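Asker: Can you look at this prediction? I've put the sequence above it.
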Amino acid sequence: MSAPTIQGIVAYPVTPFTSSGSGSNSGIDTDALAKLIDKLVESGVHAIAPLGSTGESAYLTDEEWHTVAERTISAVAGRVPTVVGISDLTTAGAVRRAVAAQRYGADTVMLLPASYWKLSERELLRHFTTVAGAIDLPIMVYNNPATSGIDMSPDFLVHLVEHVDNITMIKESSGDITRMQRIAQLTDGRVPFFNGSNPLIFQALAAGAAGWCTAAPCLIPRHCLNLWDAMQSGSLTDARRQFRDMLPILEFILNGGLPTTVKAGLRTLGLDVGEPRLPLLPLEEPETRHLASLLSNAHELARTSA
């Protein structure tokens, strides 16, 4: 299967909620979602990836999940590829969501295993094979032990690509740069792998990553795109400066929790996307002021260096 051209900055939108968390569309603020998608696409990101951890996928009802998937793909309207996040405790649930993503018009799916019980590699292989066999879309296999509780080795991730026809890409979010280096080594650079750990982005791109899956473009799209462009052109000095300028924000949003911090940052920038869903709590006022200061500094640096 030939995969769509997905590379560069793959942006994670948050899921906007209505203030009451109820009402039409199961509490999803679809107007705010459309505004955020337009903001991201118009900023120049290379793909949109709804329904990951940033999008609070684990806290959505099934109806809400379908609303976000369908409305996001509709709002993107083919302007860039759409990568829909798929994760469910059961293989049957993951299949249902993957089939729905294909029906709504997704370009690819990003498949994260999740389980209460620790899964063996034999069980993981069966899970991925079953989901892949239910759809015709390319699959980005996603390793994120911090959120899923499952840690897949580089060797096993490459095994999936080699043995499951429509698994064509890897996203590595363990926070260990040697994992990405190992993937590149095992595949001689032939398999696209994506960085999902914000503070590692400079090292990841230097190791050959095909792109960066990140929520940061919701707040600092120009920095993310400038870093990508600088690395692609071989301007390492400029890339290091871009990375240095954005690192305080990358660390802040990671340490404070992506849905919580990104939603607070978007409100600071003038787009109210509601609060995160319990048990997540809104960012407290001192941290909100600190984030606003970080954003102001970052945007000033971008303006003066333009």
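Answerer: Received the coordinates, thanks.
Asker: in the stretch 51-200 of the chain, which spans are strands?
Answerer: Here the stretch 51-200 of the chain has its strands, by DSSP state E, counting those that start in this stretch, at 83-86, 108-111, 139-143, 167-172, 193-195.
Asker: and the first one, what does it pack onto?
Answerer: For strand 83-86, the elements it packs on are helix 62-76, helix 91-104, strand 108-111, judged by 3 or more C-beta pairs under 8 Å, 6 or more residues apart in numbering; DSSP states H and E. All C-beta atoms are positioned from the backbone trio N, CA, C, and that covers glycine.
Asker: Mind giving me the packing neighbours of the first one?
Answerer: Put plainly, it is helix 62-76. helix 30-43, strand 83-86, helix 91-104.
Asker: Pull up the pairing partners for the second one, direction included.
Answerer: Right, strand 83-86. Pairing partners of strand 83-86, with direction, according to DSSP bridges: strand 108-111 (parallel).
Asker: Hmm, residue 8 and residue 211 touching each other?
Answerer: Yes - if you go by C-beta atoms under 8 Å, residue 211 and residue 8 touch, sitting 5.0 Å apart.
Asker: Can you check which residues contact both of these two?
Answerer: By the contact definition C-beta atoms under 8 Å, 6 or more residues apart in numbering, residue 211 and residue 8 are jointly contacted by 46, 47, 228.
Asker: picking that back up, including mean neighbour count, could the helices and strands packed on helix 62-76 go into CSV?
Answerer: Below are these laid out as CSV (neighbours: other C-beta atoms under 10 Å):
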stretch, mean neighbour count
helix 30-43, 18
strand 83-86, 30
helix 91-104, 19
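Asker: Identify whichever of those lies nearest to residue 294.
Answerer: Minimum separation from residue 294 across the helices and strands packed on helix 62-76 (C-beta to C-beta) falls at helix 30-43, 18.5 Å.
Asker: For this structure, which residues score under the pLDDT cut-off?
Answerer: Within the chain, the ranges that satisfy pLDDT under 70 run 1-4, 19-26, 302-306.
Asker: redo that, cut-off 90
Answerer: Confidence mapping of the chain against pLDDT under 90 gives the ranges 1-5, 19-26, 115-118, 147, 298-306.
Asker: distance of residue 143 from residue 127?
Answerer: 13 Å (C-beta to C-beta, to the nearest Å).
Asker: and residue 163, how many neighbours?
Answerer: Residue 163 has 11 neighbouring residues, counting by other C-beta atoms under 10 Å.
Asker: show me what contacts the closest residue to it other than its chain neighbours?
Answerer: Spatial nearest neighbour of residue 163, excluding adjacent residues (C-beta to C-beta, 6 or more residues apart in numbering): residue 125 at 7.5 Å. Counting by C-beta under 8 Å, 6+ apart, residue 125 touches 159, 160, 163, 164.
Asker: Give me the ChimeraX select line for these, limited to the buried ones.
Answerer: Buried residues within the contacts of residue 125, by 16 or more other C-beta atoms under 10 Å, are selected in ChimeraX with:
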select :159,160,164
